[in-house]
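> below is the sequence, then the predicted model.
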Amino acid sequence: MLFIGTIQKTDAVITVILNALNQPNDENARYVETSNLMDYCLNNWSQQDVTVAGQTPTDKKELKVTDGKKKTVALAMEKPVKLWIRSDMDPKNLTIKTTLDHSLLDNNAIIAPVHKNEKIGTVSVALAQDNLGYVQENEGAKTDLVTKNEVEKASTFELIWQKITGIFA
């Protein structure tokens, strides 16, 4: 016998009970097992913000800028990331992986002008202790990787000066 139950606390939690124990003797066994599973989930797991909007990823803090008035631009996570965390896990022990959109880059640098909050990739966030994974390997908690500020394109004279000083640097 199959029974599916849901909890709507923050996000939906779906439980599936197959062949509940004691089903032949107790027609409510599937409901009892669903209740036990939901209680376990609510007592041992919670959804928490593990990053904040504007936070700098630990593995990629800035990106080189070509032809800009500045040589680099700071990077940030666009939105906060929420994860389901078991009560015995450390929410600060994160694995953060930044993936740049290489179609926007030239020699691993972005070309000026660069706009504030310009999307240049994604950031995946996972708990280091989480070995349960996801159904799809590339799923998980993600947010867009954006630039923290703008970088104006340098004038022709500034670009020439940068080239000259670069020779002697």
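Received, thanks. Residues are numbered from 1 along each chain as shown.

> C-alpha only now, for contacts and for neighbours.
Will do.

> and the longest helix belonging to the chain, what does it pack onto?
For the chain, the longest helix by residue count, based on DSSP state H, is helix 29-44. Packing partners of helix 29-44 (3 or more CA pairs under 8 Å, 6 or more residues apart in numbering; DSSP states H and E): strand 2-8, strand 12-18.

> by mean pLDDT, show me the worst of those strands.
Mean pLDDT is lowest for strand 2-8 among the helices and strands packed on helix 29-44, at a mean of 58.

> ok, now how distant is the residue sitting nearest the centre point of the chain from residue 123?
With distances taken as CA atoms, centre = their mean, residue 142 lies nearest the centre of the chain, 2.8 Å away. Distance, residue 142 to residue 123, by CA to CA, to the nearest Å: 5 Å.

> which stretches in the chain count as strands?
Using DSSP state E, the strands of the chain run over 2-8, 12-18, 45-49, 62-66, 72-77, 82-86, 94-100, 105-106, 109-111, 119-127, 141-147.

> output the ones you listed as TSV; include the columns distance to residue 30.
Putting the strands of the chain into TSV (distance: least, CA to CA, whole Å) gives the following:
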stretch	distance to residue 30
strand 2-8	7
strand 12-18	7
strand 45-49	22
strand 62-66	53
strand 72-77	43
strand 82-86	24
strand 94-100	36
strand 105-106	55
strand 109-111	57
strand 119-127	32
strand 141-147	32
